[in-house]
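Trainee: Return a 3D structure for these sequence lines:
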Amino acid sequence: MRIAVTGSIATDHLMHFPGRFTDSLVAEKLDKVSLSFLVDELEVRRGGIGANIAFGLGQVGVRATLVGAVGADFAEYRTWLEAHLVDCESVLQSATRATARFVCTTDADHNQIASFYAGAMAEARDCRLAPVAERLGGLDLVVIAPDDPEAMLLHTDECRALGIPFAADPSQQLARMHRDEVRRLVDGAAYLFTNEYEAALIEQKTGWSADDLLDRVETRVTTLGPLGVLVERRGEPALRVAAVPVAERVDPTGVGDAFRSGFLAATAWGLSTERACQLGGLLAAYVLETVGTQEYALEPAAALARLAAAFGAGAAAEVAPHLPRAA
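Mentor: Residues are numbered from 1 along each chain as shown. Reported below is the predicted structural model:
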């Protein structure tokens, strides 16, 4: 299965605040917030949603093509991604801007306050999918992950024009988009990925009900945090799959990206939707237990044992033939 992942490519600056953000919020003064949090940790990591998804696919042996824009400072990051099975030939390098930056602070309750500097990401609108499809001999799926908003819309339109199935994953860009833009991103998607809050926000912004959305997308995948994932299709019973138990919740950044990687990999292998959710949950658990979005390494034997413990030997047996060095 030839998968292209369009989306942000960034450096993550991840910080931890040992208190709770809510303790510093004054209800009567929320119209004039001025706060500074003294953090006790700083981790500088590779990130960006598009890069995270492509990296996760590489962890389970699926080589995806990354499509996005970066700065001249991308060389070391590119080497890292290519070493982890990511095709970077379709990444555009800006002549003037730096690679995007994500700055995020997480508190003791795992609430997050974040800022994102677009930088070179603004030039992602200059990337085109037709040359990617020509280079690869076609595309079976394009993931439209958060990126420059204009690029997301253009890539979605291009998928429709070229007849390429696409997965809509608007997440972090939903807040800045209006009704017609969100509708344009979602309508006709093979998969619609959101978390529970984003699912409600899409319904609010588009004015479409849950039933309307099921008429417009083939598969709706809603992650529910520790409650697992919900998958819905028109005319079929909803599927609920439990989350993989975690040893310790370290940092939630990138958990959703990892879930998408596992889900898409299992789908590419032709496994059932249930297995796709289970593999997605496994990768999500690895990221949740790690600081950084690309700092986990999937060791096949241990991963299969964990999958079996969570979902039974049958789940592990079906995934095993597809993992690298796990026959």
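Trainee: you'd agree Arg233 is up against Val221?
Mentor: No. Here Arg233 lies out of contact with Val221, judged by CB atoms under 8 Å, at a distance of 10.0 Å. Where C-beta positions appear, they are placed from N, C-alpha and C, glycine not excepted.
Trainee: which one of the two has more residues nearby?
Mentor: A direct count of neighbours by other CB atoms under 10 Å for Arg233 and Val221 places Val221 higher, at 25 against 14.
Trainee: Tell me the gap between the host helix or strand of the more buried one and the middle of its chain.
Mentor: If you go by DSSP states H and E, Val221 is part of strand 219-223. Averaged C-alpha coordinates place strand 219-223 at 13 Å from its chain's average position (CA atoms, centre = their mean, to the nearest Å).
Trainee: ok, now stretch 291-308?
Mentor: Between the mean C-alpha point of stretch 291-308 and the mean C-alpha point of its chain there is a distance of 17 Å (CA atoms, centre = their mean).
Trainee: how long is that stretch end to end?
Mentor: Across its full length, stretch 291-308 reaches 25 Å end to end, with CA to CA, to the nearest Å as the criterion.
Trainee: what sits up against that stretch?
Mentor: In this structure, residues lying in contact with stretch 291-308 by CB atoms under 8 Å, 6 or more residues apart in numbering are 12, 14, 43, 45-47, 51-52, 55, 59-60, 80, 84, 244, 250-251, 253-254, 257-258, 278-279, 282-283, 285-287, 289-290, 315-316, 319-320, 323-326.
Trainee: can we see that at 7 Å?
Mentor: Among residues not part of stretch 291-308, those counted as contacts by CB atoms under 7 Å, 6 or more residues apart in numbering are 12, 14, 43, 45-47, 52, 55, 59-60, 244, 250-251, 253-254, 257, 278, 282, 286-287, 290, 315-316, 319-320, 323-326.
Trainee: Kindly report the same for stretch 233-247.
Mentor: 214-215, 218-219, 226-232, 273-274, 277-278, 281-282, 285, 288-289, 306, 310.
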